[in-house]
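**Student:** Structure here, sequence nowhere to be found:
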């Protein structure tokens, strides 16, 4: 199985310091939907691992989050692809869970779902915590400059991190190599 794990906000859709709180605020980044569809049509299994502390903070409901994810899946399906699995952490930063990135609970959940090792599995994020969560379970880190990625690029990145302008560029690289 060719598996990839994507962060959501800042990688697939626009990020917001005020949180993405509705389907109307969930705006895909240029080229991201098509990129996911290209991966899917090439035989990749596409999983999403996303912190969504806006749930714990009361900014939006589980139903609203599901509506955003339904919209993501619909847009990718319109391009002939699919998002196979979405895992989210609903907790606030101080809740003490093991699923909030930079911890690796979401990644372990994806690995358990598919009964696979994550060694060498590409993970794409725009923040250091996205990359750290994946690297801790053996993923190969890819940083995109979208979202918070340009600021993240200035930090000390995990060893072996590859940096690309956006998700579409990562996908082109993966499909050509």
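**Tutor:** Perfect, I can see it now. As the structure is a computational prediction, the values presented were derived from the model and not from experiment. Numbering: from 1, shown residues only.
**Student:** Can you point out the buried residues in the top helix by length along the chain?
**Tutor:** If you go by DSSP state H, the chain has its longest helix at helix 62-78. Using 16 or more other Cβ atoms under 10 Å as the test for burial, helix 62-78 gives 64-65, 68-69, 72-73, 75-76. To be clear about C-beta, it is placed using only N, CA and C from the backbone, and glycine gets the same treatment.
**Student:** What is that helix packed up against?
**Tutor:** Applying 3 or more Cβ pairs under 8 Å, 6 or more residues apart in numbering; DSSP states H and E, one finds that helix 62-78 contacts helix 32-41, strand 44-51, strand 85-89.
**Student:** Need the contact partners of the longest one.
**Tutor:** Counting by Cβ atoms under 8 Å, 6 or more residues apart in numbering, helix 32-41 makes contact with 4, 6, 11-13, 46, 72, 75-76, 79-84, 166-168, 170-172, 174-175, all of which sit outside it.
**Student:** Can you select the buried ones from the residues you listed in PyMOL?
**Tutor:** Typed into PyMOL, the line below selects the buried ones among these, using 16+ other Cβ under 10 Å:
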select buried, resi 4+6+11+12+13+46+72+75+76+81+82+83+84+166+167+168+170+171+174
